[in-house]
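K.L.:
no sequence on this one, just coordinates:
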């Protein structure tokens with residue numbers, strides 16, 4: 001199996017797949033480099049064109065797509081072309097001729113501009129003390145089953161998890177790396193992808209060889 005983790009600078013999902021199937025060709029790809037031998041520092045479309053991949057799991061940049069930030073565009077505070085370019089980037093990955101695809105993004109304009117996600121996850125259903133609605137667009141991959149529920153605290157009758165202030169806002173302080181930290185896939189979700197999708201892919205491979 002050849003699996004590409006696109007737009008993944010951290011290698012979080014890549015490493016979970018490699019733990020279970022070190023014999024597979026599993027690579028992360030991003031414009032941000034890291035020291036792992038299975039990381040490719042390059043434009044994802046260049047990597048896709050240079051080889052044939054069985055699975056694409058990608059995290060397209062959400063800065064100009066997420067609903068939470070669209071007020072900057074609707075108020076005329078940033079060029080709407082950024083959003084159009086981001087939608088085009090996402091659509092290109094979604095339509096790429098690969099058998100198995102997962103694209104991950106927060107709640108975003110993709111739902112209205114391209115199609116609705118197949119699944120919306122919460123990290124607190126995957127062993128993480130965090131709340132962040134995460135959308136998955138899936139092609140020939142099953143939806144993820146919850147693994148472990150993490151209970152929240154209750155503030156004035158409202159549920160709050162570890163990544164939230166009592167007001168509900170994210171508690172991560174502003175910094176130059178804040179976007180990078182927030183865009184990293186939660187380890188619990190990454191582990192679920194590997195543990196649940198590897199058996200599915202192995203089964204599909206066996207069925208294909210029998211045919």
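P.N.:
Nice, thanks for sending it over. From a predicted model like this one, the values you see are computed outputs, not experimental measurements. Residues are numbered from 1 along each chain as shown.

K.L.:
what's the helix or strand for the closest residue to residue 161 other than its chain neighbours?
P.N.:
Counting by Cβ to Cβ, 6 or more residues apart in numbering, residue 131 is the residue found nearest to residue 161 once chain neighbours are left out, at 4.3 Å. In this view, the C-beta of every residue, glycine as well, is placed from N, C-alpha and C. Assigning secondary structure by DSSP states H and E places residue 131 outside every helix and strand.

K.L.:
Now residue 131: phi and psi?
P.N.:
Summarising the backbone geometry of residue 131 under the convention degrees, to the nearest 10, its torsions are phi -120, psi 120.

K.L.:
Do you know the pLDDT at it?
P.N.:
At residue 131 the predicted local distance difference test score is 95.

K.L.:
Quick check: what element follows the helix or strand containing residue 138 along the chain?
P.N.:
Secondary structure from DSSP H and E places residue 138 in strand 134-139. Using DSSP H and E, the helix or strand that directly follows strand 134-139 along the chain is strand 153-155.

K.L.:
List the strands paired with that following strand, with their directions.
P.N.:
Strand 153-155 pairs in its sheet with strand 158-160 (antiparallel), by DSSP bridges.

K.L.:
And the partner strand, how far out from the chain middle?
P.N.:
Shown here is strand 158-160, whose average C-alpha point lies 25 Å from the average C-alpha point of the whole chain (Cα atoms, centre = their mean, to the nearest Å).

K.L.:
which residues touch that strand?
P.N.:
Strand 158-160 is contacted by residues 131, 152-154, 166, 168 when judged by Cβ atoms under 8 Å, 6 or more residues apart in numbering.

K.L.:
Which parts of that strand count as buried, going by neighbours?
P.N.:
Of the residues in strand 158-160, those scored as buried under the neighbour-count criterion (16 or more other Cβ atoms under 10 Å) are residue 160.

K.L.:
Filter the contacts of strand 158-160 down to the buried ones.
P.N.:
Neighbour counting by 16+ other Cβ under 10 Å classes 131, 152 among the contacts of strand 158-160 as buried.

K.L.:
Tell me which of the contacts of strand 158-160 has the lowest pLDDT.
P.N.:
Within these, residue 168 has the lowest pLDDT, namely 77.

K.L.:
residues in contact with that residue?
P.N.:
The neighbours of residue 168, taking Cβ under 8 Å, 6+ apart as the test, are 158, 160.
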